[in-house]
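Asker: No letters, just coordinates:
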Ligand code: NCD
Ligand code: ZN
């Protein structure tokens with residue numbers, strides 16, 4: 001077995017970089033591992049138009065060291081009043097790479113999300129015409145639906161009908177967590193793909209209750225049963241071009257997580273690649289890491305593959321217990337643990 005693995009530089013097709021001091025503290029971790037990243041627009045207030053996206057992109061670049069080679073790919077937060085013309089202009093000008101559908105109240109900063117998907121049909125029609133990708137947070141928000149079923153129910157009630165209504169629209173079902181999501185994506189047309197996070201490949205729902213309540217293992221969609229984790233792992237390592245890397249790294253200040261009502265989100269950016277490598281190795285699929293991390297995503301989005309390479313070497317990476325972001329501290333995924341790969 002080889003002691004190092006060199007792959008084409010990867011991209012992160014779903015990340016939260018935040019704003020202000022948090023942005024300054026966390027952006028570098030994503031920019032170190034990835035050439036490009038699809039940046040989520042769920043700021044407060046959200047990034048709902050072209051000028052807001054241009055300004056946010058500038059703040060991201062200003063938060064990074066000068067010589068780092070990183071391109072943020074911006075997304076537009078869809079609201080009930082989404083403006084098709086602004087979306088199309090943003091896409092044609094190369095500012096928006098995609099638009100994001102958050103069902104209203106599904107997750108962090110989604111209060112201004114979409115209350116009924118039919119409200120954004122005009123925007124989706126336009127996106128379908130111009131080839132702009134729709135990123136989807138796939139959970140229903142109906143409190144009567146058990147939280148562990150919200151992804152599967154969303155697929156039946158919203159996503160499946162949507163793919164029929166818009167057969168040419170490119171859709172990414174983000175951060176999949178269930179066997180239902182895997183089956184849906186596999187049976188859907190080529191216009192439908194999914195991103196997979198490191199944590200949903202590594203933890204099942206027991207991680208949230210391991211000897212006590214574990215707020216740093218809580219994210220949305222929430223981790224599911226082991227059986228679902230296994231289905232997601234098989235999909236990720238299968239070599240299918242429908243599955244690609246999207247960390248959903250979602251930092252929150254330590255105090256916001258370790259609270260009576262802790263925020264959803266796992267901060268995995270510092271060592272995302274090492275985690276994916278560990279999973280692919282466990283599944284005997286290290287030879288497929290490159291296509292998952294660096295090829296399927298750009299091909300789906302219709303973007304060029306990156307030119308450079310990154311090398312992972314066997315060795316010990318110690319994950320820090322916490323990371324500073326201004327005055328705040330953020331606890332990374334697998335804090336305090338040792339990982340078996342080092343990114344050079
Ligand atoms: C994300 C966040 O904190 O912005 N949280 C999460 O648990 N993943 C929002 C999201 O992607 O759902
Ligand atoms: Zn997210």
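Answerer: The structure has been received and is ready for your questions. Keep in mind that this is a model prediction, so the values were computed, not measured. Ligands and ions are numbered 1, 2, ... in the order given.

Asker: can you map out the helices along the protein?
Answerer: Applying DSSP state H to the chain gives helices spanning 20-33, 50-62, 84-92, 121-130, 150-154, 160-165, 179-187, 198-202, 226-237, 254-257, 272-282, 289-290, 296-301.

Asker: Need the ones you listed in CSV (columns: mean neighbour count, mean pLDDT and distance to ligand 1).
Answerer: In short, each C-beta sits where N, CA and C put it, glycine included. Shown next, in CSV, are those (neighbours: other Cβ atoms under 10 Å; pLDDT from 0 to 100; distance: least, Cβ to the nearest ligand atom, whole Å):
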stretch, mean neighbour count, mean pLDDT, distance to ligand 1
helix 20-33, 21, 98, 11
helix 50-62, 16, 98, 14
helix 84-92, 17, 98, 20
helix 121-130, 18, 98, 20
helix 150-154, 23, 98, 11
helix 160-165, 15, 98, 19
helix 179-187, 19, 98, 14
helix 198-202, 24, 99, 9
helix 226-237, 20, 98, 15
helix 254-257, 16, 98, 10
helix 272-282, 22, 98, 14
helix 289-290, 21, 98, 23
helix 296-301, 21, 98, 17
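
Asker: Select, out of those, the one closest to residue 325.
Answerer: Counting by Cβ to Cβ, residue 325 lies closest to helix 20-33 out of the helices of the chain; the figure is 2.5 Å.

Asker: hmm, who's touching the closest one?
Answerer: 10, 12, 15, 17-18, 37, 59-60, 63-65, 68, 70, 247, 249, 251, 253, 267, 269-270, 272-273, 310, 323-328, 330, 343 (Cβ atoms under 8 Å, 6 or more residues apart in numbering).

Asker: And for stretch 104-116?
Answerer: 42-46, 48, 77-80, 82, 101-103, 120, 137, 139-141, 220, 250, 252, 263-265.

Asker: Quick one, which of these are buried?
Answerer: Neighbour-count burial (16 or more other Cβ atoms under 10 Å) is assigned, among the contacts of stretch 104-116, to 42-43, 46, 48, 77-79, 82, 101-103, 120, 137, 139-141, 220, 250, 252, 263-265.

Asker: So which of those reach ligand 1?
Answerer: Filtering these for proximity to ligand 1 by Cβ under 6 Å from any ligand atom leaves 42, 137, 220, 250, 264-265.

Asker: Pull the most distant pair out of these.
Answerer: Top of the distance list for those (Cβ to Cβ): 137 and 265, 12.5 Å.

Asker: which neighbours do these two share?
Answerer: residue 220.

Asker: roughly how far apart are the closest residue to residue 335 other than its chain neighbours and ligand 1?
Answerer: Leaving aside its sequence neighbours, residue 335 sits nearest to residue 321 (Cβ to Cβ, 6 or more residues apart in numbering; 5.1 Å). Separation of residue 321 from ligand 1 (Cβ to the nearest ligand atom, to the nearest Å): 21 Å.

Asker: Also residue 78?
Answerer: 14 Å.

Asker: from memory that residue sits against residue 102, does it?
Answerer: Yes: counting by Cβ atoms under 8 Å, residue 102 is a contact partner of residue 78 at 7.4 Å.

Asker: Backbone torsions only: list them for the residue nearest to residue 147 when sequence neighbours are not counted.
Answerer: What sits nearest to residue 147 in space, not counting adjacent residues and going by Cβ to Cβ, 6+ apart, is residue 222, at 5.8 Å. In terms of degrees, to the nearest 10, the main-chain angles of residue 222 are phi -60, psi 150.
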